[in-house]
Each structure stands twice: as C-alpha cells, then as structure tokens.
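1. Need a 3D model of the following:
(chains A and B)
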Amino acid sequence: MWDYTDKVKDHFRNPRNVGTIPDADGVGEVGSLACGDALKLTFKLDEKKERIVDAKFQTFGCASAIASSSALTEIIKGMTLEQAAKVTNQDIAEFLGGLPEQKMHCSVMGREALEMAIENYKTGRTERKELEGRVVCTCFGVTENEIERVIRENSLSTVDEVTHYTKAGGGCGGCRGEIAEIIARVRGASVEEEKTKPAKKPLTNIQRIKLIEETIDSEIRPLLQQDGGDIELIDVEGPRVSVSLRGTCARCRMAEFTMKDVVQARLREFVTEDIIVEEVKP
Amino acid sequence: MRNVYLDNNATTSIAPEVLEAMMPYLTELWGNPSSMHTFGGQVHTAIDRAREQVAAIINADPTEIIFTSCGSESDNMAIRGSVETVVGYPHIVTTRVEHAAVLATCQYFEKRGCPTTWLGVDAQGQLNLDELQQSLRHDTAIVSIMWANNETGLMFPIEQIAQIVKAAGKTFHTDTVQTVGKIPIDVRQIPIDMLAISGHKLHAPKGIGATYIRKGTRVNPLILGGHQEFGKRAGTENVPYIVGLGKACELAMKYMEEENTRVLAMRDRLEEGILRSCPDVRVNGDRKNRLPNTTNISFEYIEGESILLMLDDLGVAASSGSACTSGSLEPSHVMRAMGVPFTAAHGSIRFSLSRYNTDDDIDHVIKHIPSIVKRLRELSPFVPSQAK
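-> Residues are numbered from 1 along each chain as shown, chains lettered A, B, ... in the order given. Below you'll find the predicted structure:
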C-alpha cells in the first residue's frame, strides 16, 4: 500500500475544484488513457486578464494523480499568470506534504498541464512544446526535452528517478541506457557549473584505471566467461571506457544489452556513476 | 467498520484449526525430526502425516511431495531443477500470463541462452493448443503452464495440455498455487510431472509450500546441504508450518464441495450485481472456465488504485491490475497479453472470495460500488457525457 500523507488522502477523498470551466481562458490537457493517467485543467482569468480567478480539473488516474490535480487548482487560484508560470512540480508535491518517490510523475503531470493551459491562453496552442524534439521513451512518449528538464529541476541522478518523475524507461526499458546518457550529459554540465560543491574524494587517473581493471576482472569477466565470452579493456578517457567483447559475446545478438546492463552497470556501481562504456569492434 | 476481505488470491486468513494443529510444534514439540531420540522422532511422525495430507489433496504418493518455503520456490525448483539436469541450453515452453515466479525464472534462462517459447493467449485468455503442439522441440527440457490464472481465475484445459506434452515425451510442470484447494486435482488422472502448492493461498500461513514431483522425474535440487526431503530440498524442516499446510489441505478437501457451490454462487451474485448496477463494466477472461472464487471486472474510464482506496475506506479489500497499484508503470502483463484495451485494463479490479465470506459481504460491495464508480467517473475527463 502506498504511503500517502493525510493531505494526499484528503485531496483524493474530497477533491477541490472538480469539473471544467465552459468559457475557460486556458485549457491544458496532458496524459492519455494508455499512459494510465491524464489531466484536463481549465482556468478563468479576471477581467484584466491578469489573475487566475477560477481553476477546475478532471483527472483519470490514481489517488496521487487526483490529489496532485486538486492541489494544483488550489495553488494557482488567485495567482497572476506570471506567478502561475513559476509553479514547479515540487510546489505541488510540497503542498501535499510530499508524494511517494514512485508517484512524483503525478506532480510533473500537474506542472505540465498548467504550462499547457498558460501556453494555450497565450498562443492558442493545444500541443505542448516539449512534445517537439526527439522521443526517447516510445512506450510513454517522453521526449529528450522533458527528460532533461526534470533532471535539471529535480536534481535527478539515476535512471530510476527519471522513471519515477516522467515514466520514461518504465515500459519495455529499452531506453534506459539512453536516459543514463542524458543524465550524464545534463549532470556533467551542471557539475561544471557548481564546482564548489563538495564531491566524493575524486580518484586519480591511475586509481581510476586500476579500479576499472579490477572491476572487470572480478565482477564482469567471470559472468561473460560463463557464456563462453570475454572482455578486453582498450582505453579509458575521462568517463569514457572503451572495451572490446571477445569469444561468443562478440557475435552475440545481446551484445548491446551486455554492454549497457552488465559492463556499464557494474562499472558504475563499483567505480563512478558517470561511466559511459563504448564498444570497440575488433 | 465492516471488514470484507475479497483478496483471497493474494493471501488467505489462517484457519483456526490450522493454527491449533501448529501450536504444539511451536511450543513443547520442538525437536529436530532428523534426531535419533524421542524429541525428534515424534516430530518426524508429524511431518509424515502432513505429507500424507498434502499428497491426498492431489491424489499423489506421499513420497512425491517435497516441502518448500513457498509457491515461488516450488516454481523455481521445478523449472530450474529441470533445465539444470541438461548440459547446454535446452528449450523451454511457457506462456505470457504466468505468475512472476515462472516468468522471471524462464526469462533468467532465456537471457542465459535457453531458447524460450512464450505462448500468447486470445482475448478470452485462452491458449491455442495447436500452437503449443507446434512449439515442442526435440530439445525441450520443460513445459510450464499454469492451471488457473491468479488475476482472472481463468483455467487452462490442463488435462489436454498435459496429454499433448506427455505425448511428446516432455516434462510438464504446472503452477497450481491458485488451483489447489479450489477444484479437485488428480495427478493419477492427469499426466502432470510437477506442480506447485502455496500454503497461504489455502488458509495455512505464509512461508510454506510444496512441490509435487512425480516419481521418475529428474530434478536437480535448489538447496544443497542435507538429506531432508529425499535429498531434493536440504534444510531442517519448518515443522510447525509443514503441519499447518497438512491440516490446511485436509480442510480444503473437506470444504471443496462448498467452494464449488456456495462460494461460486456468491461470486456469481457479486459479478451479476456489479454488471447490473454499473454501466460500462466488463468481465475479463473466459467466464465459463474459471476458478469458483475469482472475478476480474474492468470499470471503464477510471483507474484501479482509486477504486481500491475508496473500497478500502468501506472496509473492502480487493486488488487491481492497474499500473499504479503494482509499482510498475504498465497495467498487468495478463491484461496486456489478453489485449484488454487500456481503458479497461487500468480500471480492472479482482475480487477473490473464500469460504469465510458471507452473503452480507457480497451485499455490502454491491450496495456501495455504484457510488464509488459514479464519484470517480465524475472526476474523469474520458467519460462520454451520456455515460456519466
């Protein structure tokens, strides 16, 4: 059973502002039946078209999706459009006293619907901007832009976190490797920006290479050898580790999977989180 | 508040008679059954008796019953134990709608190189037996096909399936965790080589299970290190729980008739009551071939977790195949394999009864469910205006 706060339960049992505003100024619809949750947000502005005087929602989804939508309408009522534009998914989660980690995507859905509704008021658009761009997760239709944004706004550092916040990677799992690369890229950039942040004592180059070698010898090679394969370390350059698969692994259809889910995962576990493994074909 | 427990496919209450039978083995009779002295000897006799009781419910010989820690262990034991008797990478046949204990074990071997056939099901949830027949190969090590589905209660024609597999000379395992105690099973009539039993699905406690292994079936043990359970499962016996499982099987046989009359009638009344009082609902799976205690109903346009929480507020316990309840992001693999549309899969609710339910329980649910559905549909953006 989910560990919902009393506030989540209250907003689920007694949702505020249910319905649609017939002559709404802004309408935002996100999600779909296929995704398992969906939200339609409508709001009405005052006569000067500055302040939100009313907001209503309709939601298909679990208790936290309903509570997040209800919270969203309560938060934005009385706000100016500028204020509303700054509402984040954390604001929604905080209003509810927190959401279970796996349910954070409900708060993100709220923020997306709000943005869509504001955009709809300003431009008449009915599609979200972030739907433009390359789709990374085809199961849930999540784009690179969306993933980058939640990583930045919520300081996410693991693929599971990205899945909790956006659902990306939660279906077939085929895009998990790619999400890891997006995290590495976004986090890499932000690490550059906040150099002052204290980090774990960094490894020297020698230490790092040694640790990579040890991990391959003790954690990775035995696994591959069980299936008649082998692995050779070719080069290490920053976070990029080049390896070559040998034996049956080199011809295996599952090689790509082995690279990401075995080699890269183990190296990230035992050396550093940012490692990106690249295969060098012999 | 009323307490209406309709989630018996998840777990069941411990029958008072079962607890009573177990108590001496949690108090004064604490000996090790392997010991030479009387402390141990009297405990050993209790295990023998339990083995007979478990064997009786499926008409097996007691020496064909191996006690395990749970149904999942029994499934693991059967599949792993068979595959590992073969050198190399044998072929495996299973279905897309198995319990995770079977799915994950087969996926594990598939990942390690064992070619695996995943049989699909039709919209009713049934298998195509021709497809099964054609899937069998010279190197098939095991065919593992569940008898009754935990989510829908749907039963596969296990007798026909077993005969197809045996005609090809292959080992047949069936996950009967949901089936044992609900319908009669006779392994002398049906050529099943292995089956799995779980204690807590039939009013014994959690933490005890059994595997039936037909004499002459080759299975490598999962747990090594002792002579217990005929060398097929090492480890000092969980005596009180074994005694409990034995008693639970004895009781299940006694109540089998009731399960298939009174419990079935309550299930049908619940189902018909819901279908009559709520628009846009559907029953998932073949209604003709089902366990007597299970119904799986989809409420269109609304989501399962929300329904469950509202039922919970009324003291009603059920479960759902929706994504949100499982901690995963997709609806249940069973619903997807049956091609249940997303609109319905996310709103699927399983009610599973037991002999401890009463007519009042059913009345309580039938009375309250229409208002829950109505409330949630008022919130939903997908409801066509005429359905509200």
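2. residue contacts, residue 61?
-> You didn't pick a chain, so chain A it is. Shown in contact with A:Gly61 (Cβ atoms under 8 Å, 6 or more residues apart in numbering or on different chains): A:Gly31, A:Gly36, A:Asp37, A:Ala38, A:Leu39, A:Cys106, A:Met109, B:Glu303, B:Ser306, B:Cys324. In this view, the C-beta of every residue, glycine as well, is placed from N, C-alpha and C.
3. wrong chain, I was asking about chain B
-> Counting by Cβ under 8 Å, 6+ apart, B:Asp61 makes contact with B:Ala55, B:Lys215.
4. Relative to chain A, how far out is it?
-> Noted for B:Asp61: a distance of 38 Å to chain A, by Cβ to the nearest Cβ, to the nearest Å.
5. List the residue ranges of the stretch 51-200 of chain A that fall below the pLDDT cut-off.
-> Across the stretch 51-200 of chain A, the ranges flagged by pLDDT under 70 are A:128-132, A:189-200.
6. Within range of chain B, give me the residues from it.
-> Contact residues (Cβ under 8 Å from any Cβ of the partner chain) of the stretch 51-200 of chain A with chain B: A:58-63, A:65-66, A:102-103, A:139-140, A:163, A:167, A:170-171.
7. End to end on stretch A:46-63, go ahead and measure it.
-> This stretch, stretch A:46-63, spans 31 Å end to end (Cα to Cα, to the nearest Å).
8. ok now that stretch, how far from the chain's centre?
-> The chain centroid and the centroid of stretch A:46-63 are separated by 25 Å under Cα atoms, centre = their mean, to the nearest Å.
9. now do stretch B:54-64
-> That offset, for stretch B:54-64, works out to 18 Å (Cα atoms, centre = their mean).
10. Determine the set of other helices and strands touching the helix or strand where A:Gln207 lies.
-> Following DSSP states H and E, the helix or strand that holds A:Gln207 is helix A:205-215. For helix A:205-215, the packing partners by 3 or more Cβ pairs under 8 Å, 6 or more residues apart in numbering or on different chains; DSSP states H and E come out as strand A:229-237, helix A:265-270.
11. State the helix or strand in which the closest residue to A:Ala38 other than its chain neighbours lies.
-> If the residues on either side of it in the chain are set aside, A:Ala38 comes closest to A:Gly31, at 3.4 Å by Cβ to Cβ, 6 or more residues apart in numbering or on different chains. Counting by DSSP H and E, the element that carries A:Gly31 is strand A:26-32.
12. Return the residues in contact with the residue of the stretch 101-250 of chain A found nearest chain B.
-> Using Cβ to the nearest Cβ, the closest approach of the stretch 101-250 of chain A to chain B is made by A:Gly170 at 3.4 Å. Residues near A:Gly170 by Cβ under 8 Å, 6+ apart: A:Cys137, A:Cys139, A:Phe140, A:Thr163, B:Ser328, B:Leu329, B:Glu330.
13. and those residues, which of them are in strands?
-> A:Cys137 (DSSP state E).
14. Among the contacts of A:Gly170, which pair sits farthest apart?
-> Spatially, the most separated pair among the contacts of A:Gly170 is A:Cys137 and B:Ser328, at 14.2 Å (Cβ to Cβ).
15. any idea where the strands of the stretch 1-150 of chain A begin and end?
-> Along the stretch 1-150 of chain A, the segments classed as strands by DSSP state E, counting those that start in this stretch run A:26-32, A:37-45, A:52-60, A:135-137, A:142-143.
16. hang on, the earlier thing: need the contact partners of the helix holding A:Gln207.
-> A:Leu203, A:Leu233, A:Val236, A:Val241, A:Arg266, A:Leu267, A:Phe270, A:Val271, A:Thr272, A:Ile275.
17. distance of the closest residue to the first one other than its chain neighbours from A:Met259?
-> What it means is A:Leu203. Spatial nearest neighbour of A:Leu203, excluding adjacent residues (Cβ to Cβ, 6+ apart): A:Leu211 at 6.6 Å. A:Leu211 sits 19 Å away from A:Met259, going by Cβ to Cβ, to the nearest Å.
18. Of these two, give the one with the bigger neighbour count.
-> Legend: neighbour count by other Cβ atoms under 10 Å in any protein chain shown for A:Leu211 and A:Met259, higher for A:Met259 (19 against 15).
19. give me every residue that touches B:Asn123.
-> Quick fix: residue B:123 reads Ala, not Asn. B:Met338, B:Gly339, B:Val340.
20. let's go with 7 Å and repeat that
-> Residues near B:Ala123 by Cβ atoms under 7 Å, 6 or more residues apart in numbering or on different chains: B:Met338, B:Gly339.
21. Report the separation between it and chain A.
-> Counting by Cβ to the nearest Cβ - B:Ala123 and chain A are separated by 18 Å.
22. secondary structure class for that residue?
-> Assigned by DSSP: H, G, I helix; E, B strand; the rest coil, the conformation of B:Ala123 is coil.
23. how near is it to B:Ser319?
-> For B:Ala123 relative to B:Ser319 (Cβ to Cβ), the value is 22 Å.
24. returning to what we had before: would you turn the strands of the stretch 1-150 of chain A into CSV with mean neighbour count?
-> As requested, the strands of the stretch 1-150 of chain A are exported to CSV (neighbours: other Cβ atoms under 10 Å in any protein chain shown):
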stretch, mean neighbour count
strand A:26-32, 21
strand A:37-45, 24
strand A:52-60, 23
strand A:135-137, 21
strand A:142-143, 24
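25. For B:Glu20, find the nearest of the ones you listed.
-> strand A:37-45 (47.3 Å).
26. Perfect, that will be all.
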